[in-house]
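Asker: have a look; sequence and predicted model below, questions after that.
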Amino acid sequence: MLDLEKTVLQTIIEAAEDWNLNDIKGLLGRCNFKAEMAERKVALLSGGEKVIIYMCIKCISICKNYTDTHQIYVNTLYLLVFGLPN
């Protein structure tokens, strides 16, 4: 469940606690969240944007379960996010 009082960036940082900030911002950018959108509260996002955040969190948790290397986390997550049909 998404915490509606947190910002998008805070939400992803919490899910990806072992990632560096540049990787997290890169992920958000690839999901079409611009810098100003990363500072928005989750409560202000559209339903589709909330789904994207939720999918990112789920993909991060999947990557944590299947790899031991941080860079593989990031690359696998990008593949999962961008391998999905639009």
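Answerer: Thanks, I have it.
Asker: list the buried residues of stretch 5-15.
Answerer: Buried residues in stretch 5-15, defined by neighbour count with 16 or more other CB atoms under 10 Å: T7, V8, L9, T11, I12, A15. Just so you know, the C-beta spots here come from the backbone N, C-alpha and C atoms, and that holds for glycine as well.
Asker: export these to JSON lines and tack on secondary structure?
Answerer: Compiled in JSON lines, those are given as follows (DSSP: H, G, I helix; E, B strand; the rest coil):
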{"residue": "T7", "secondary structure": "strand"}
{"residue": "V8", "secondary structure": "helix"}
{"residue": "L9", "secondary structure": "helix"}
{"residue": "T11", "secondary structure": "helix"}
{"residue": "I12", "secondary structure": "helix"}
{"residue": "A15", "secondary structure": "helix"}
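Asker: and which of these is nearest L21?
Answerer: L9 (8.7 Å; CB to CB).
Asker: which ones are touching the closest one?
Answerer: L9 is in contact with I24, K25, L28, A38, E39, counting by CB atoms under 8 Å, 6 or more residues apart in numbering.
Asker: gap between E36 and I60?
Answerer: Counting by CB to CB, to the nearest Å, the gap from E36 to I60 is 22 Å.
Asker: which of the two has more neighbours?
Answerer: Neighbour totals were compared for E36 and I60, and I60 leads with 23 against 7 (other CB atoms under 10 Å).
Asker: quick check: the more buried one touching I13?
Answerer: No: counting by CB atoms under 8 Å, I13 is not a contact partner of I60; they are 10.6 Å apart.
Asker: spit out the residues that contact the two alike.
Answerer: By CB under 8 Å, 6+ apart, the residues touching both I60 and I13 are W19.
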